[in-house]
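Visitor: the amino acid sequence is not available; the structure is as follows:
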């Protein structure tokens, strides 16, 4: 972790908050919608789980891109993941 700047690590660790919130998405019934159709219900469940999977994956992809030398791309990934994290928190609060 010594090879990463402190501001980048702070932005990256903000993307790990959805990993703590994943319990609410998996077992708390926080889905985007409900449907009597089994296939559509599964797709809505999968889509609501993407709300916490995407920010956690941007944590790893963002740090990997910085390690490979793509600073701007890693910053864009981490900022996008942070926006998803804010969306996750708002989704859980407003649901």
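Guide: Good, I have the coordinates. What you are looking at is a predicted structure, and each value in this text was computed from that prediction instead of being measured.
Visitor: right, and the helix or strand after the worst-scoring helix or strand of the chain on mean pLDDT?
Guide: Comparing helices and strands within the chain by mean pLDDT, DSSP states H and E singles out helix 17-27 as the least confident, with a mean of 81. Heading C-terminal from helix 17-27, the first helix or strand you meet, by DSSP states H and E, is helix 38-67.
Visitor: against which helices or strands is that next one packed?
Guide: Of the remaining helices and strands, those touching helix 38-67 by 3 or more Cβ pairs under 8 Å, 6 or more residues apart in numbering; DSSP states H and E are helix 6-14, helix 17-27, helix 71-94. No exception for glycine: its C-beta is placed from N, CA and C like everyone else's.
Visitor: any idea which of those helices scores lowest on pLDDT?
Guide: Among the helices and strands packed on helix 38-67, helix 17-27 has the lowest mean pLDDT, at a mean of 81.
Visitor: thinking again about what came up before, let's have the helices and strands packed on helix 38-67 in CSV, adding mean neighbour count.
Guide: Written out in CSV, the entries for those read as follows (neighbours: other Cβ atoms under 10 Å):
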stretch, mean neighbour count
helix 6-14, 14
helix 17-27, 16
helix 71-94, 16
